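Engineer: here you go, sequence then predicted model.
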Amino acid sequence: MYQVSVKKISNIMKKILAAFFCLMLCANGCKSPVEDTNPQQDNQEVASTFTDRQSLGEIQIRDLDEASGLANSRSNPLYIWSHNDSGGDPLFYLMTQSGAESGRFVLSGAQNIDWEDMAIGSGPVAGQSYLYAADIGDNRAVRDNYTIYRVAEPDLTVSNIPASTTLSGVDAINFIYDDRNSRDAEAIMVDPASSDIYIISKREESVILYVLPFPQNLTELDTADRLRVLPFTMVTAADISPNGNEVLIKNYLNVYHWSKTGTESISELLGTKASRLLYTVEPQGESITFDSNGSTYFTLSESGNNEPVVLYNYSRN
């Protein structure tokens with residue numbers, strides 16, 4: 001008589017796990033978000049690189065209720081891309097920076113098993129920006145392989161953006177991890193200098209950084225190479241700045257930041273100590289992205305606790 005969808009069960013479990021993670025960090029008495037520390041980086045002070053959050057507006061897209069990815073457009077930085085979590089339609093939502101809906105773009109031939117993050121960056125054609133959708137979620141660690149979809153970002157400088165359209169020419173990068181294990185992951189980022197795709201696992205006590213080097217294999221199963229272990233857990237999103245010199249990684253309670261001092265690779269950079277940034281905890285914050293010039297980063301949460309979903313930005317001091 002009563003039916004509960006697999007998607008609803010999965011999302012309920014994710015919310016329980018997120019709440020459990022927060023409770024574990026508060027076991028010795030809850031602190032304010034700014035005072036919270038990653039248990040693997042105790043007593044780390046909050047850097048003043050960016051301001052605290054500012055509300056840009058409530059999301060006015062009723063169907064975008066489980067936002068798991070975020071990207072600032074390169075063709076028109078007035079717009080922001082996002083998508084829903086598992087089981088939704090294989091599409092990107094386009095919105096203004098005040099949260100108003102501007103269009104829906106379906107990825108031809110794609111499916112949404114468990115989309116958990118998105119990125120924007122370089123790709124096969126020089127000078128063209130690409131959108132990446134990461135179908136890499138695996139709560140129960142049962143999937144045989146995973147997929148990252150890549151498609152050229154449409155031109156948003158046109159006067160009339162279609163309310164709904166289909167994006168063709170979608171590349172499907174199917175891959176496994178080099179240890180042949182199934183892993184849950186919710187964070188990808190693309191290096192603008194190399195078009196390498198980085199994936200960060202989620203649930204380990206210390207998560208793992210993988211890379212799919214460019215050019216990725218489009219004809220057979222590719223392999224994501226393990227690079228290093230990172231001293232964080234429950235990672236939900238990541239991004240590389242448009243100039244390739246900075247990295248953001250977030251989990252449910254914190255945002256971490258790295259900035260290059262020379263010509264180090266992304267892996268080498270993430271092997272150094274991070275700065276912890278100001279971040280106010282959201283109901284289920286799973287999205288982060290730099291803006292198109294790297295002066296700001298945006299965050300967005302899935303809906304939770306019957307609270308409105310708000311787009312926030314943190315500006316550089």
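Structural biologist: Perfect, thanks for sending it.
Engineer: how about stretch 141-157 as PDB, C-alpha atoms only?
Structural biologist: Taking C-alpha atoms only, stretch 141-157 is exported to PDB below (Å, rounded to 0.1, in the frame of the first residue of the first chain):
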ATOM      1  CA  ALA A 141      29.600   0.600  -2.600                       C
ATOM      2  CA  VAL A 142      28.000  -1.800  -5.100                       C
ATOM      3  CA  ARG A 143      28.600  -0.200  -8.500                       C
ATOM      4  CA  ASP A 144      30.900  -1.900 -11.000                       C
ATOM      5  CA  ASN A 145      31.900   1.400 -12.700                       C
ATOM      6  CA  TYR A 146      31.200   5.100 -12.700                       C
ATOM      7  CA  THR A 147      30.600   7.800 -15.300                       C
ATOM      8  CA  ILE A 148      31.600  11.500 -15.800                       C
ATOM      9  CA  TYR A 149      29.700  13.200 -18.500                       C
ATOM     10  CA  ARG A 150      31.300  16.100 -20.400                       C
ATOM     11  CA  VAL A 151      29.600  18.500 -22.700                       C
ATOM     12  CA  ALA A 152      30.500  21.900 -24.200                       C
ATOM     13  CA  GLU A 153      29.000  24.700 -22.300                       C
ATOM     14  CA  PRO A 154      26.300  26.500 -24.400                       C
ATOM     15  CA  ASP A 155      26.700  30.100 -25.300                       C
ATOM     16  CA  LEU A 156      24.800  32.100 -22.700                       C
ATOM     17  CA  THR A 157      25.600  35.500 -24.200                       C
END
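Engineer: and that stretch, average pLDDT?
Structural biologist: What stretch 141-157 shows for mean pLDDT is 97.
Engineer: just the strands in the stretch 101-250 of the chain please.
Structural biologist: Per DSSP state E, counting those that start in this stretch, the stretch 101-250 of the chain carries strands over the ranges 101-107, 115-121, 130-135, 146-152, 164-167, 171-177, 185-190, 197-201, 208-212, 222-229, 235-240, 246-251.
Engineer: among those, which is nearest A71?
Structural biologist: A71 lies closest to strand 115-121 among those, at 3.9 Å (CB to CB). All C-beta atoms are positioned from the backbone trio N, CA, C, and that covers glycine.
Engineer: OK, contacts around T51?
Structural biologist: Residues in contact with T51 (CB atoms under 8 Å, 6 or more residues apart in numbering) are L278, Y314, S315, R316, N317.
Engineer: now H83
Structural biologist: Contacts of H83 (CB under 8 Å, 6+ apart): A67, S68, G69, L91, F92, Y93, N112, W115, M118, A133.
Engineer: and the residues you listed, which is closest to N76?
Structural biologist: When those are compared against N76 (criterion: CB to CB), the nearest one is F92, at 14.1 Å.
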